[in-house]
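Chemist: my questions concern the predicted model and sequence given below.
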Amino acid sequence: MNRARLLVFNSALPVLDYRVPEGMAIEYGSVVVAPLGPRQVLGVVWEAERLPGTDVPDAKLRPLHEVMPVPPLPAPLRRLIEWTADYYCAPMAAVARMALGSSAALRGGGTMTEYRLTGLEPKRLTPQRAAAMDALDGEQATIRELAERASVSEGVLRGMVGAGLLEPVVVDLDRPYPRARADFAQPELSDDQTAAADRFVAAVAKGGFAPFLLDGVTGSGKTECYFEAVAEALRLGQQVLVLLPEIALTENFLRRFEARFGVPPVLWHSSLKSTERRRAWRAIVRGEAQVVVGARSALFMPYARLGLIVVDEAHEVSFKQDDGVRYNARDVAVMRAKFEKVPVILASATPALESMQLAEAGVYEKIDLPARFGGATMPDIQIVDLRTEQPERGHWLAPRLVKELKARLERGEQSLLFLNRRGYAPLTLCRNCGHRFQCPNCTAWLVEHRLSRRLACHHCGYETPPPEACPECHTADCLVACGPGVERIADEVREILPEARIALVTSDTLNSPAKINAFVEAAENGMIDVIVGTQLVTKGYHFPELTLVGVVDADLGLEGGDLRAGERTYQQIAQVAGRAGRGEKPGEVLIQTRHPEAAVIEALASGDRDSFYAAEAEARRDAMAPPFGRWAAIIISSEDEAEAREAARTIGGSRPDLPDVLVLGPAAAPLSLLRGRYRYRLLINARRSAELQDVIRAWLDPLRFSHGVRVAVDIDPYSFV
Ligand SMILES: [Zn+2]
Ligand SMILES: [Zn+2]
């Protein structure tokens with residue numbers, strides 16, 4: 001190669017061509033540094049015929065600077081980057097950047113310096129240093145990360161280094177991870193599990209693209225099944241990627257993994273420290289990281305020897321990314337397996353309708369685990385009709401649920417109350433004038449958090465202490481909380497069961513791995529009587545003494561009225577119900593609702609999942625919604641309302657006129673103001689036959705907007721706000 005076409009990691013720059021200087025060895029996928037004006041840019045050498053650009057004559061080409069000392073991005077990953085950019089109408093550079101993970105890691109291994117407390121305890125400390133000492137107990141990280149964690153300036157910490165309070169620790173970035181052992185512990189599997197595991201193991205041994213849908217009821221032991229496939233990949237010296245929807249779930253997963261394979265897996269997620277990030281990325285590209293467990297961003301890493309992909313809790317909405325490159329990690333995982341020619345397992349107790357359809361069509365091989373492991377029975381599900389069984393005034397738990405909670409406490413068993421709403425109350429208003437507290441940056445009410453004494457916006461993070469007086473009518477002590485959040489439910493439990501030990505489980509209270517571990521341990525050791533939690537408690541946990549699950553408000557998820565509201569409600573309640581009765585004692589589930597006749601509630605009560613999926617499929621077929629038709633959204637935003645409206649009008653005005661494409665809008669988005677930006681939306685509904693992405697590109701590419709306008713395309717949208 002004497003000339004090279006580069007995909008540069010900057011969406012604002014075009015494709016660029018360079019001369020390859022004599023003696024420089026590059027191949028497709030090589031990561032290189034190239035000159036651009038007075039600056040340098042980072043890019044990947046790409047097949048010129050796959051990356052259209054303007055051809056520059058040889059004589060005008062500038063030479064590449066250097067090749068980074070890392071393996072080239074493999075061809076299957078390059079194809080995945082192209083596919084993702086094309087399918088989701090996203091810039092290729094933005095997709096490719098996700099493969100890089102950590103640009104610092106490109107510079108080779110070596111060492112980095114982290115700092116930790118020395119244990120020295122001086123008699124006198126400035127308040128800032130004292131606060132830092134408290135915050136940094138047990139921590140080790142770079143000065144910048146520690147400063148962030150302790151909320152002090154880097155200068156304060158450097159002063160502490162000088163005073164001997166913090167000491168440097170040299171971290172070797174290429175130190176190897178301990179090796180996982182395929183046969184560390186032999187699992188005990190049921191006949192169903194063995195059959196499923198054998199199928200996966202055979203697919204891994206054979207190699208080649210093989211998509212599976214592992215459909216197992218809660219408590220059926222799906223993880224143990226796919227662990228056998230992981231073991232087989234380990235025996236073959238291959239790498240495995242396991243995607244989990246939330247970091248909160250990883251702690252539990254890590255413990256099970258370590259029990260099976262002897263060591264923890266390699267983690268990849270956004271809150272890794274910079275040293276951990278570099279170390280993990282380098283081990284991944286060199287093929288040394290055997291099993292990588294991560295959130296959706298782990299999907300684009302340049303694995304050297306990928307042999308298997310697992311997507312656990314594959315129905316989870318959080319696999320859909322809603323900013324930047326708006327991709328669905330579940331779907332991209334299947335595409336990656338296709339390009340890599342390896343098996344992929346989508347595991348779920350409540351698969352997405354899209355996945356069920358693909359299994360029915362024979363695209364995915366469906367593996368069922370119809371029974372719970374160890375002979376445990378499925379919980380008994382009952383409906384509490386809130387119209388006839390009303391809670392006491394100002395309370396949210398119906399008498400029947402209260403009675404069952406008391407009975408569990410007397411028997412020494414655990415209960416779980418589920419309400420997917422953080423904080424104390426979703427709406428706060430003034431008793432005197434009715435003023436409602438709204439976020440200044442978003443079309444959203446401020447949520448009262450009584451534990452942390454603040455009113456907070458869950459969309460942008462704005463928060464303010466609750467005011468002494470109403471800002472509108474200036475009446476003092478006038479605030480009224482409307483509706484319940486989990487904090488309020490916990491208060492109610494405290495009132496009816498004063499002697500109960502209560503754990504509040506939300507992302508506000510369990511915000512670190514240490515806290516999650518402490519909670520799991522306490523729950524497992526019977527130190528907790530009642531768990532009150534948001535969707536954080538709906539999955540992954542296995543508490544043998546938990547025999548009662550109360551769903552405080554089953555109608556909550558149905559209010560939004562979006563395409564997947566019914567399915568999502570079904571999934572969430574089925575998952576949380578699945579926490580009950582996983583040990584020897586049978587479980588009971590009480591679902592509070594005002595709509596017992598709703599299809600989703602009836603399906604939950606009767607346990608008739610098949611007819612629910614059939615009814616959902618029917619409704620979506622009628623609406624030409626996915627997976628029968630295709631949807632896409634265009635979201636226009638600007639800090640200037642008129643500018644946003646104008647851009648939306650321009651887009652609406654040049655809508656395509658095609659028989660198989662229906663364009664709805666533009667209209668102000670339900671969240672018409674978000675993080676200080678005014679928002680408009682268009683929704684596109686197309687037949688499967690339509691070349692949806694081509695239509696959108698042909699429509700939007702020629703349009704030009706004011707500088708402050710952002711136009712985002714969301715293919716297969718999950719969010720309609
Ligand atoms: Zn007022
Ligand atoms: Zn806000």
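Modeler: That came through, no problem. Numbers count the residues shown, from 1 in each chain. Ligands and ions are numbered 1, 2, ... in the order given.

Chemist: number of nearby residues for the residue in the stretch 1-150 of the chain that ligand 1 sits nearest to?
Modeler: At 36.7 Å from ligand 1, residue 131 is the closest residue in the stretch 1-150 of the chain, using Cβ to the ion. Any C-beta I mention is one placed from the backbone N, CA and C, and that applies to glycine too. Counted by other Cβ atoms under 10 Å, the residues lying close to residue 131 total 15.

Chemist: looking at the helix of greatest length in the chain now, give me its mean pLDDT.
Modeler: The longest helix of the chain (DSSP state H) is helix 191-206. When pLDDT is averaged over helix 191-206, the result is 97.

Chemist: which neighbouring elements make contact with it?
Modeler: Identification of packing neighbours for helix 191-206 by 3 or more Cβ pairs under 8 Å, 6 or more residues apart in numbering; DSSP states H and E yields strand 210-216, helix 222-235, strand 343-348, strand 365-369.

Chemist: what does the stretch 351-500 of the chain put close to ligand 1?
Modeler: Proximity of the stretch 351-500 of the chain to ligand 1 (Cβ under 5 Å from the ion) is limited to residues 430, 432, 433, 435, 470, 472, 473.

Chemist: which residues are in contact with the residue in the stretch 101-250 of the chain positioned nearest to ligand 1?
Modeler: Closest residue of the stretch 101-250 of the chain to ligand 1, Cβ to the ion: residue 151 (33.8 Å). Residues in contact with residue 151 (Cβ atoms under 8 Å, 6 or more residues apart in numbering) are 131, 135.

Chemist: with residue 580 instead?
Modeler: Neighbouring residues of residue 580 by Cβ under 8 Å, 6+ apart: 379, 416, 546, 547, 548, 549, 587, 588, 589.

Chemist: just name the closest of those residues to ligand 2, please.
Modeler: Distances from ligand 2 to the contacts of residue 580, taken as Cβ to the ion, are shortest for residue 416 (30.2 Å).

Chemist: now the helices and strands packed on helix 191-206 in CSV, with mean neighbour count?
Modeler: Shown next, in CSV, are those (neighbours: other Cβ atoms under 10 Å):
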stretch, mean neighbour count
strand 210-216, 24
helix 222-235, 23
strand 343-348, 27
strand 365-369, 18
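
Chemist: could you export those as CSV, including mean pLDDT?
Modeler: Shown next, in CSV, are these (pLDDT from 0 to 100):
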stretch, mean pLDDT
strand 210-216, 97
helix 222-235, 97
strand 343-348, 97
strand 365-369, 96
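
Chemist: for ligand 2, find the nearest of the ones you listed.
Modeler: Nearest of the helices and strands packed on helix 191-206 (Cβ to the ion): strand 343-348, 32.2 Å.

Chemist: residues near whichever residue of the stretch 201-350 of the chain sits closest to ligand 1, how many?
Modeler: Nearest residue of the stretch 201-350 of the chain to ligand 1: residue 322, at 35.2 Å (Cβ to the ion). Residue 322 has 15 neighbours, counted by other Cβ under 10 Å.

Chemist: need the contact list for it.
Modeler: Each residue near residue 322 by Cβ under 8 Å, 6+ apart is listed here: 714, 718, 719.

Chemist: near ligand 1, list only the ones from those.
Modeler: Counting by Cβ under 5 Å from the ion, no member of the contacts of residue 322 reaches ligand 1.

Chemist: name the member of those with the most neighbours.
Modeler: When neighbours are counted by other Cβ under 10 Å, residue 714 leads the contacts of residue 322 with 24 neighbours.

Chemist: name the helix or strand for the residue in the stretch 251-400 of the chain positioned nearest to ligand 1, please.
Modeler: Closest to ligand 1 within the stretch 251-400 of the chain is residue 394: 20.9 Å, counting by Cβ to the ion. Following DSSP states H and E, there is no helix or strand that holds residue 394.

Chemist: please report the distance of it from residue 465.
Modeler: Per Cβ to Cβ, to the nearest Å, residue 394 is found 24 Å from residue 465.

Chemist: just residue 721 next, same as before
Modeler: Using Cβ to Cβ, one gets 27 Å for the distance from residue 721 to residue 465.

Chemist: between these two, which one's more packed in?
Modeler: Taking neighbours as other Cβ under 10 Å, residue 721 and residue 465 compare with residue 721 leading, 16 against 9.

Chemist: doesn't residue 669 make contact with the more buried one?
Modeler: Yes. At 6.3 Å, residue 721 counts as touching residue 669 under the criterion of Cβ atoms under 8 Å.

Chemist: contacts only, for residue 537.
Modeler: Residue 537 touches 416, 418, 505, 531, 576, 579, counting by Cβ under 8 Å, 6+ apart.

Chemist: show me the contacts for the residue nearest to the fourth one when sequence neighbours are not counted.
Modeler: It refers to residue 531. By the measure of Cβ to Cβ, 6 or more residues apart in numbering, the closest residue to residue 531 outside its immediate chain neighbours is residue 416, 4.5 Å from it. Shown in contact with residue 416 (Cβ under 8 Å, 6+ apart): 530, 531, 532, 533, 537, 546, 548, 549, 550, 576, 579, 580.

Chemist: residue 416: which element?
Modeler: Residue 416 is part of strand 414-418 when elements are defined by DSSP H and E.

Chemist: tell me the buried residues in the lengthiest strand in the chain?
Modeler: Counting residues, the longest strand in the chain under DSSP state E turns out to be strand 661-674. For strand 661-674, the neighbour count (16 or more other Cβ atoms under 10 Å) marks 661, 663, 665, 666, 668, 669, 671, 672, 673, 674 as buried.

Chemist: and it, what does it pack against?
Modeler: So strand 661-674, by 3+ Cβ pairs under 8 Å, 6+ apart, packs with strand 629-638, helix 641-653, strand 677-687.

Chemist: deepest in the core, which of these is it.
Modeler: Of all these, strand 629-638 has the most neighbours on average by mean count of other Cβ atoms under 10 Å, namely a mean of 23.

Chemist: and that strand, average pLDDT?
Modeler: pLDDT averaged over strand 629-638 gives 96.

Chemist: cool, and stretch 703-721?
Modeler: Mean predicted confidence for stretch 703-721 is 93.

Chemist: can that stretch be found next to ligand 2?
Modeler: No. Interface with ligand 2: stretch 703-721 contributes nothing (Cβ under 5 Å from the ion), its closest point being 12.5 Å away.

Chemist: mind checking how far that stretch is from the chain centre?
Modeler: Remark: stretch 703-721 is offset 21 Å from the chain centroid, using Cα atoms, centre = their mean, to the nearest Å.

Chemist: list the buried residues of that stretch.
Modeler: So for stretch 703-721, counting by 16+ other Cβ under 10 Å, buried means 705, 709, 711-721.

Chemist: could you do stretch 503-511 as well?
Modeler: Neighbour counts over stretch 503-511 (16+ other Cβ under 10 Å) mark 503, 504, 505, 506, 508, 509, 510 as buried.

Chemist: before we move on, what about stretch 438-452?
Modeler: Buried residues in stretch 438-452, counting neighbours by 16+ other Cβ under 10 Å, are found at 438, 439, 441, 442, 443, 444, 445, 446, 447, 448, 449, 450.

Chemist: list just the nearest of the residues you listed to ligand 1.
Modeler: Nearest member of those to ligand 1, counting by Cβ to the ion, is residue 438, at 13.3 Å.

Chemist: tell me the phi and psi of the closest one?
Modeler: When read as degrees, to the nearest 10, the backbone of residue 438 gives phi -120, psi 150.

Chemist: what's the distance between it and ligand 2?
Modeler: Separation of residue 438 from ligand 2 (Cβ to the ion, to the nearest Å): 9 Å.

Chemist: which non-adjacent residue is nearest that residue?
Modeler: In space, residue 438 is closest to residue 445, 5.9 Å off (Cβ to Cβ, 6+ apart).

Chemist: and residue 505, by the same measure?
Modeler: In this structure, residue 505 finds its nearest non-sequential neighbour in residue 533, 3.4 Å apart by Cβ to Cβ, 6+ apart.
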